[in-house]
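My questions are about this predicted structure, shown below with the sequence.
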Amino acid sequence: MSETTRSPMPLSETRSPMPLLFRRHSSGEIRNLASLSSSLLPAFGTVMGESSVRLKRFLIAPYDRRYRLWQAFLVVLVVYSAWSSPFELAFSKASTGALLPVDLVVDAFFAIDIILTFFVAYLDKSTYLLVEEHKKIALRYVTHLWFPMDVASTLPFQAIYRVVTGKTSRGQVFGFLNLLRLWRLRRVSKFFSRLEKDTRFSYFWTRYFKLICVTLFAVHSAGCFYYWLATRYHNSESTWMGANIPDFKSRSIWLGYTYSMYWSIVTLSTVGYGDLHAVNIEEKIFTIFYMLFNIGLTAYLIGNMTNLIVHTAVRTFVMRDAINEILRYAKKNRLPEGLREQMLAHLTLKFKTAELQQEQVLEDLPKAIRSSILQQLFRTTLQNSHLFKGVSDDFIVQLVSEIKAEYFPPKVDIVIQNEIPTDFYIIVSGAVDVVTYKNGMEQFLSKLGSQQMFGEIGVIFNIPQPFTVRTKRLSQVVRISHHHFKQLVQPLHEDGKIIHTNFIQHLKGLKNEELAEMPLISEFLDDLISEEASMNEAGAQDQQENELSATTSSLSKTPSTRVIIHGYHPDHKPKSGGKLIHLPDSIENLHSIAESKFGRRGSTILMADGSQVEDLAALREDDHLYIF
């Protein structure tokens with residue numbers, strides 16, 4: 001069957017004031033759908049086009065690729081801070097020696113990040129819109145605990161003391177001030193949270209690596225604090241370290257660190273060889289609390305490992321099981337690589353959009369509230385589509401209450417050529433390609449953007465969909481049911497006339513290469529032009545009203561049966577193509593229509609099998625009639 005495309009309408013998009021998904025040109029395209037966070041998906045009703053709204057000057061998008069790389073680099077520096085802070089407390093010589101310039105460089109990077117934070121837009125949790133105002137961004141940062149703690153953990157107190165006094169101090173106070181850097185560990189927590197949601201990485205190994213990091217940090221911190229107790233005790237020989245190495249304070253830093261780690265590990269693992277044990281009361285109290293802490297840490301580790309092995313994250317495993325099922329199905333049936341990727345992309349997007357829980361939220365609400373929400377989200381999109389321009393508010397209100405909004409990943413066919421038309425679609429955000437297949441070759445016809453429509457020609461003419469419509473990128477569309485649309489137009493005659501006029505104007509605007517793929521539509525337009533030309537005669541006004549009413553009846557009333565008529569005997573070779581008409585209510589009227597179409601009046605009506613037609617009620621949709 002022939003196929004349809006619409007001429008690309010102007011991509012004038014109505015944008016929300018602050019759309020949820022901003023895409024800066026500097027950040028590049030998001031190529032892996034699996035890496036999308038649910039907070040980055042466009043909100044329902046948000047219009048996104050090729051030229052997305054950019055952020056204001058001197059603002060950084062929180063998901064900008066370069067900013068994400070900067071955050072990942074800071075995580076590496078946080079790991080160093082987590083190691084050096086307890087280490088410098090226990091071994092004060094290191095804090096004023098080789099580690100001092102390294103600390104200054106690391107603090108400088110975090111100072112830069114504090115400044116950058118004043119220029120990073122943030123997502124408002126109440127509206128889910130990016131806030132771009134510099135004043136609000138700064139006020140939010142300064143009034144929260146983050147700002148004073150970031151500043152306190154970044155100030156190089158020891159270097160400042162040296163500059164002010166000109167002396168180098170190894171006092172314990174600076175060691176404890178350095179512990180403020182552990183505030184930066186929150187970045188590591190956020191980093192692991194992102195990795196756990198990213199399906200490109202194994203959830204099990206990501207979680208496992210996180211547990212290892214937690215264990216190593218606990219072991220390292222406990223060992224350093226235990227060594228610090230030995231260094232500050234008044235009698236060094238009455239300490240756990242002095243009992244084994246009397247002159248440990250003058251020995252190598254790394255010797256003391258090795259002993260500390262050895263004690264911490266054997267205590268955490270409850271091995272307890274007894275070769276290193278608490279000697280004084282302070283060490284015994286610390287060991288008691290450390291062992292109690294180990295009980296909680298061990299329970300945490302065992303619980304998490306059990307959760308990973310047995311339960312894990314149920315939702316993540318459901319998604320992974322579904323992906324594995326698709327991979328096995330595709331392999332078993334030897335599906336092509338492109339089709340397998342489409343299946344995976346659609347499944348992944350389904351799980352990503354399910355995080356938004358919009359469908360569940362809408363289903364649990366009363367119909368009146370649900371309708372009001374849909375009005376707020378999609379009313380403008382429907383009103384600006386070519387088919388519904390100028391229709392009444394009552395029509396839009398009724399139509400929008402029954403629409404269905406969906407996401408589609410890139411390179412997915414929404415409408416397939418020659419499929420039975422059940423729905424038509426309006427693009428809210430994203431873009432689609434309209435293609436056709438000729439002699440097994442794919443041919444591009446046009447591109448459609450936001451607020452444009454596809455699939456309506458097959459629905460209105462009740463013919464198989466003439467084209468394949470494929471997404472170019474992540475797209476959101478609203479789907480309108482054929483059945484609901486017909487029922488809605490039936491009592492609204494004035495709106496039906498407006499829709500009819502809009503539809504005719506749209507057909508006239510189609511490109512020649514598109515009309516060439518739809519011979520029935522081309523013939524319909526040719527007949528329409530001929531009839532318009534004949535309206536110059538007397539009585540043309542009445543004829544026009546009757547013709548408009550008859551044509552609109554296919555929209556405003558339950559559609560009559562449509563048949564294709566031919567002006568020759570079924571055994572003869574066709575001299576011309578058939579004509580698609582609405583079946584009249586009598587055989588006499590059918591002969592009159594055939595006379596107007598073929599220029600001669602016939603007397604006999606046959607079916608394709610040669611049987612004669614005696615009762616029009618027995619005819620079905622798309623039957624071929626031969627009148628001669």
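Received, thanks.

Strands of the protein, residue ranges please.
Per DSSP state E, the chain carries strands over the ranges 122-123, 130-131, 404-408, 413-415, 423-429, 432-438, 441-448, 453-454, 468-471, 475-481, 562-566, 579-582, 605-606, 624-627.

starting at the chain centroid, how far to stretch 108-126?
Stretch 108-126 sits 24 Å away from the centroid of its parent chain (Cα atoms, centre = their mean, to the nearest Å).

Report the buried residues of it.
For stretch 108-126, the neighbour count (16 or more other Cβ atoms under 10 Å) marks F110, D113, T117, F119, A121 as buried. The way it works is simple: take the backbone N, C-alpha and C, and place the C-beta from them, glycine included.

Those residues into a markdown table, with extra columns for pLDDT and distance to F388?
Below are the buried residues of stretch 108-126 laid out as a markdown table (pLDDT from 0 to 100; distance: Cβ to Cβ, whole Å):
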| residue | pLDDT | distance to F388 |
| --- | --- | --- |
| F110 | 92 | 55 |
| D113 | 91 | 50 |
| T117 | 90 | 45 |
| F119 | 89 | 42 |
| A121 | 87 | 35 |
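
Make JSON lines from these and add distance to S260 to it.
Output for the buried residues of stretch 108-126, formatted as JSON lines (distance: Cβ to Cβ, whole Å):
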{"residue": "F110", "distance to S260": "27"}
{"residue": "D113", "distance to S260": "32"}
{"residue": "T117", "distance to S260": "36"}
{"residue": "F119", "distance to S260": "42"}
{"residue": "A121", "distance to S260": "45"}
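
Select from the residues you listed every entry located in helices.
Among the buried residues of stretch 108-126, the ones falling in helices (DSSP state H) are F110, D113, T117.

Where among the strands of the chain is average confidence lowest?
For the strands of the chain, the weakest mean pLDDT is recorded on strand 579-582, namely a mean of 75.

partners of that strand, with directions?
strand 562-566 (antiparallel) (DSSP bridges).

now the strand it pairs with, how far from the centre of its chain.
On the basis of Cα atoms, centre = their mean, strand 562-566 is displaced by 46 Å from the centre of the chain it belongs to.

Stretch 209-227 now?
38 Å.

List the buried residues of it.
Applying 16+ other Cβ under 10 Å to stretch 209-227 flags 210, 214-215, 217-227 as buried.

With stretch 438-457 instead?
So, applying 16+ other Cβ under 10 Å, buried residues of stretch 438-457: L445, S446, L448, G449, S450, Q451, Q452, M453, F454, G455, E456, I457.

returning to what we had before: make TSV out of the strands of the chain and add distance to Y161.
Shown next, in TSV, are these (distance: least, Cβ to Cβ, whole Å):
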stretch	distance to Y161
strand 122-123	36
strand 130-131	39
strand 404-408	57
strand 413-415	67
strand 423-429	56
strand 432-438	65
strand 441-448	65
strand 453-454	70
strand 468-471	61
strand 475-481	58
strand 562-566	91
strand 579-582	91
strand 605-606	107
strand 624-627	98
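
Let me know which of the ones you listed is tucked in deepest.
strand 423-429 (a mean of 25; mean count of other Cβ atoms under 10 Å).

Parallel or antiparallel, list what pairs with that one.
strand 453-454 (antiparallel), strand 475-481 (antiparallel).

and G242, which of the strands of the chain is closest to it?
strand 122-123 (52.6 Å; Cβ to Cβ).

Show me the strands paired with the closest one, marking each as parallel or antiparallel.
When DSSP bridges is applied, strand 122-123 pairs with strand 130-131 (antiparallel).

Poorly predicted segments of the protein, please.
1-54, 95, 128, 167-171, 310-316, 350, 352-364, 526-527, 529-560, 573-577 (pLDDT under 70).

remind me, longest helix of it?
helix 203-232.

Check the offset of it from the chain's centre.
For helix 203-232, the distance to the chain centre is 38 Å (Cα atoms, centre = their mean).

so what does it touch, helix or strand wise?
helix 65-90, helix 185-197, helix 253-268, helix 281-306 (3 or more Cβ pairs under 8 Å, 6 or more residues apart in numbering; DSSP states H and E).

So for T561, which of these sits nearest?
Counting by Cβ to Cβ, T561 lies closest to helix 185-197 out of those; the figure is 54.1 Å.

Pull out the CA atoms of the closest one and give them to me as CSV.
The C-alpha trace of helix 185-197 is given here as CSV (Å, rounded to 0.1, in the frame of the first residue of the first chain):
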residue,chain,number,x,y,z
LEU,A,185,33.6,11.8,52.0
ARG,A,186,30.0,12.7,51.1
ARG,A,187,31.2,13.1,47.5
VAL,A,188,32.3,9.4,47.5
SER,A,189,28.9,8.4,48.7
LYS,A,190,27.2,10.3,45.9
PHE,A,191,29.6,8.9,43.4
PHE,A,192,28.9,5.3,44.4
SER,A,193,25.1,6.0,44.3
ARG,A,194,25.5,7.1,40.7
LEU,A,195,27.5,4.0,39.8
GLU,A,196,25.0,1.7,41.4
LYS,A,197,22.3,3.1,39.2
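
quick one: buried residues of that helix?
Quick answer for helix 185-197 (16+ other Cβ under 10 Å): L185, R187, V188, F191, F192, L195, E196, K197.

and if you look at stretch 582-597?
L583, L590, H591, I593, A594, K597.

what's the nearest residue to L583 if we skip its chain neighbours?
Distance criterion Cβ to Cβ, 6 or more residues apart in numbering; nearest residue to L583, sequence neighbours excluded, is T561 at 4.4 Å.

Would you enumerate the residues in contact with that neighbour?
H582, L583, L619, R620, E621 (Cβ atoms under 8 Å, 6 or more residues apart in numbering).

What is the nearest of these to I245?
For the contacts of T561, the nearest to I245 is E621 (97.2 Å; Cβ to Cβ).

where's the nearest residue to the closest one once chain neighbours are set aside relative to N462, distance?
Distances taken as Cβ to Cβ, 6+ apart place T561 nearest to E621, at 5.5 Å, with adjacent residues excluded. Separation of T561 from N462 (Cβ to Cβ, to the nearest Å): 10 Å.

Overlap in contacts, those two.
E621.

and this protein, what are its domains?
54-197, 202-356, 403-527, 562-627 (the TED database).

ok, back up a step: and the buried residues of stretch 209-227, which is closest to Y437?
Closest to Y437, out of all of the buried residues of stretch 209-227 and judged by Cβ to Cβ, is K210, at 49.9 Å.
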